[in-house]
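> Fold the following and give me the result.
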Amino acid sequence: MTSGAREVQTVTGRVSAADLGRTLIHEHVLIGFPGWQLDALAPRYVRADAMARAVDQMQELRGLGVGTFVDPCPMDLGRDVEFLAELSQRSGLRIVCTTGAYFEAEGITYTFRHMPVEEITAIYIKEITEGVGDTGIRAGAVKIATGAQQISDYERKLVIAGARAARETGVPLISHTQEASCGHDQIDLVTGEGVSAGRLVVGHSDGIDDHDYHRSLAERGAFVGFDRFGISLIVPDEVRVKNVLLLAKSGHVRNILLSHDTISCWQGRPLPFANRHEDVLAMLPDWRPTSILTKIVPQLRAGGLSDADIATILVDNPRRFFVGS
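Model prediction:
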């Protein structure tokens, strides 16, 4: 896909960007943290059960008017593009997957640490233009990820590889930031490789209550990811809502992207202190991919956003992110 193209690559083929509809820009179907297969005490992963749960969830989202679900799972966190393609076919929801790897502290680093940036770039480009492995299922975006407060040499290499792959293929970049830090460093690296800041969403920027930080990212032209709604252990949702409203009212409604960073199904246990999906939901009852439409949008309207603003954020901004302004 060349820069400026009007089509977006999904796991079941190319679609017109005009048909994306309401889009959740950062959600996950399957996640398996590195080493999950070693945990003999974890609940057993059953693919059929995971598929049934995911189909129910996608159909619920379709019922709320969601058209596209972007799953920026990096290749080293349990990515399963065949699962995503089957899920899309069974649920009728468009799904976009990504190429790219996770940040150093929580990813699988041995191979890419010893590989030159040129080869990593070529791997990313192959997954975008030819497909993942021998599946023929192509990535529609690049995932980049950096750790807390500073970017390691390993992460810098992968971000540069991701930016070069994005530049060559025209797909956008979806980032992970740890502790809502290093957003400007990501923009510097991406634009330094010739990619417009408008093709990057600085992910998890809502992990800090700092309007000046959010505004500074938007002023550089990047999309600002308010994409962890429901994770109240980091920031309460009322703070996220406040900061979305502040950013919109400061003239940057066209730089806002919303999501939850939810996980439909886990390979292994979700967290060291949570053995089952239900344990996580008991701690985070609003951490569901339906919350933005059922709970957050009404709060944004009550805070002064118009229906046109809501449509800009949920429909127009994802479309512009994928195809370029």
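> from here on, contacts and neighbour counts on C-alpha atoms
Fine.
> Show me where the chain dips below the pLDDT cut-off.
Residues of the chain meeting the criterion pLDDT under 70: 1-5.
> What is the neighbour count of Thr10?
24 (other CA atoms under 10 Å).
> so what's Leu314 up against?
21-24, 257-258 (CA atoms under 8 Å, 6 or more residues apart in numbering).
> now it, what's its secondary structure?
helix (DSSP: H, G, I helix; E, B strand; the rest coil).
> What distance do you get for the closest residue to His260 other than its chain neighbours to Val159?
Leaving out its chain neighbours, the residue that sits closest to His260 by CA to CA, 6 or more residues apart in numbering is Arg228, at 4.1 Å. Going from Arg228 to Val159 by CA to CA, to the nearest Å gives 22 Å.
> How about residues contacting the helix or strand harbouring Asp185?
Using DSSP states H and E, Asp185 sits within helix 183-192. Contacts of helix 183-192 with the rest of the structure, by CA under 8 Å, 6+ apart, involve 151, 156, 159-160, 163, 177, 196-197, 200, 202, 205, 217, 222.
> related to what we said a few turns ago, okay, the contacts of Leu314 in TSV with neighbour count and distance to Ser306 next?
Formatted as TSV, these follow (neighbours: other CA atoms under 10 Å; distance: CA to CA, whole Å):
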residue	neighbour count	distance to Ser306
Gly21	18	18
Arg22	25	16
Thr23	24	18
Leu24	26	19
Leu257	27	16
Leu258	25	16
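> Pull out the buried residues from stretch 39-51.
By neighbour count with 16 or more other CA atoms under 10 Å, stretch 39-51 contains the buried residues 42, 50-51.
> Okay, strands next: where are they in this structure?
Listed in chain order, the strands of the chain (DSSP state E) span 7-10, 13-16, 22-24, 28-31, 66-71, 94-99, 141-146, 173-177, 200-202, 223-226, 256-258, 263-266.
> Return the residues in contact with the closest residue to Val55 other than its chain neighbours.
Closest residue to Val55 apart from its sequence neighbours, by CA to CA, 6+ apart: Ser91 at 5.5 Å. Ser91 makes contacts with 55-56, 58-59, as judged by CA under 8 Å, 6+ apart.
> ok, 7 Å please
Residues counted as contacts of Ser91 (CA atoms under 7 Å, 6 or more residues apart in numbering) are 55, 58-59.
> ok, now Ala161?
Shown in contact with Ala161 (CA under 7 Å, 6+ apart): 117, 120-121.
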